[in-house]
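Enquirer: predicted coordinates and the sequence they were generated for:
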Amino acid sequence: MSIQPANRISEVKEYYFSKKLREIDEMRQQGMQIINLGIGNPDRPPHPEVLEELNKASSAKGNHGYQSYIGIPELRNAFSEWYKTYFQIDLDPAKEILPLMGSKEGIMHISMAFLNKGDQVLVPNPGYPTYASVSNLVEAEMVTYDLEEELNWQPDFDKLEKMDLSKVKLMWVNYPNMPTGANATLELFEKLVAFGKKHDILICNDNPYSFILNDNPLSIFRIEGAKDICIELNSLSKSHNMAGWRVGMIAANPDFVQYILRVKSNMDSGMFKPLQLAAVKALSLDKSWYAEVNKEYYERRELVWEIMDMLDCKYDKTQSGMFIWAKIPEQTESAEKLSDIILNDAHVFITPGSIFGKQGERYIRISLCSTQAVLKESIEKIKNSLVLK
């Protein structure tokens, strides 16, 4: 065939979970009952009042047309109040908040708004694979920085300072961290803001896990002067069980918001108004909602710990987020090998940490997004497979 794809496609591989889901689907077609504990896809519904608002707004005349690229005022105001209530941050809803059709999409918007071909981007290792793939798509040069368990999965600033940072324009950070579950501290955010200002590097904090198994949500904007050099992404996907709804946001200073809006306004035609009104309702929920969500995750976490114990893995019980990250035994060849063995022998899929970067090669990750009944079934399947071996 004479028509070839753009060069950037050669630098971007198919998302790991896309390939793995195909493999799992093929196994299921062969009659195997496969349990997938790999993906962080909230399995419980949003609050009933959120669903009621969506139904009501969807039935109202006039709510089905194109919407503003900057979101309705009610949604921007709701995000502002949410940040004030839970993060103790003041954000101007008219100038410092930009609603998004998902924060993953925001990673692309930011990259397109700030990165030229050849600019360098600091990407965490281990880290969310989308940071790397989007950097490749915009033809920026990805420069990884290692996160170490010994430093609680925080950047080693001494090592960063020894790097050639002259071409680095943007740095991705993600706390509470995915995949490791490590929490941020104000001290860490202070260091990141100072680092960004010293080297003129835009610091982008991806912050969708603040409310999952975490009693102390933090924003990088708690640090004085952070708005000069930082952008923060947030989302309702995990915190409100609304992953498929694709409702997120960017918080930044007015200039940054306008740069990003120039990209976004050429890529979508506004978010469905009933979704926005339902998101307003979700953002207005009180602390009892988060307590209810976390009660279930606490109970599921106990069962995932049981799986990790069976596999003789080591893990930190203070992790936040909807995954458990654990180190595999020394005698185990690799995380990918362990994952394949469990999939083939027990018909349970868990994620090898290697997909998040070289620093994850000795780790596995299990999602908390399965019911307790499914997790108990997984325990039995894995236990039986270990007995047979």
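Expert: That came in fine, so what should we check first?
Enquirer: and Asn205, what does it touch?
Expert: Counting by Cβ atoms under 8 Å, 6 or more residues apart in numbering, Asn205 touches Val173, Asn174, Tyr175, Phe189, Leu192, Ser219, Ile220, Cys230, Ile231, Glu232, Leu233. Placement of C-beta: from N, CA and C, glycine included.
Enquirer: let's see it at 6 Å
Expert: When contacts are counted by Cβ atoms under 6 Å, 6 or more residues apart in numbering, Asn205 touches Val173, Ile220, Glu232.
Enquirer: columns neighbour count and secondary structure on top of these, output as JSON lines?
Expert: Listed next are the contacts of Asn205 as JSON lines, based on neighbours: other Cβ atoms under 10 Å; DSSP: H, G, I helix; E, B strand; the rest coil:
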{"residue": "Val173", "neighbour count": "27", "secondary structure": "strand"}
{"residue": "Ile220", "neighbour count": "28", "secondary structure": "helix"}
{"residue": "Glu232", "neighbour count": "24", "secondary structure": "strand"}
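Enquirer: ok, those vs Glu26, which is closest?
Expert: Nearest to Glu26 among the contacts of Asn205: Val173, at 37.0 Å, using Cβ to Cβ.
Enquirer: which residues does the closest one bridge with?
Expert: Beta-bridge partners for Val173, by DSSP bridges, are Asn205.
Enquirer: for the record, mean pLDDT for whichever strand or helix holds Ile382?
Expert: Secondary structure assignment for Ile382, by DSSP states H and E: helix 372-388. For helix 372-388, mean pLDDT rounds to 88.
Enquirer: and for Ile382, the neighbour number?
Expert: Look at Ile382: counted by other Cβ atoms under 10 Å, it has 21 neighbours.
Enquirer: picking that back up, in the helix holding Ile382, what counts as buried?
Expert: For helix 372-388, the neighbour count (16 or more other Cβ atoms under 10 Å) marks Val374, Leu375, Ser378, Ile379, Lys381, Ile382, Ser385 as buried.
Enquirer: show me what it is packed up against.
Expert: Judged by 3 or more Cβ pairs under 6 Å, 6 or more residues apart in numbering; DSSP states H and E, helix 372-388 is in contact with helix 287-310, helix 335-346, strand 348-349.
Enquirer: check which residues of the first one are buried.
Expert: Neighbour counts using 16+ other Cβ under 10 Å place 289-290, 293-294, 297, 300-301, 303-308 of helix 287-310 among the buried residues.
Enquirer: between it and helix 372-388, how many degrees?
Expert: Taking axes from the mean of the first three to the mean of the last three Cα atoms, to 10 degrees, helix 287-310 and helix 372-388 form an angle of 10 degrees between their directions.
Enquirer: so which elements touch helix 287-310?
Expert: Applying 3+ Cβ pairs under 6 Å, 6+ apart, we find helix 287-310 packed against helix 372-388.
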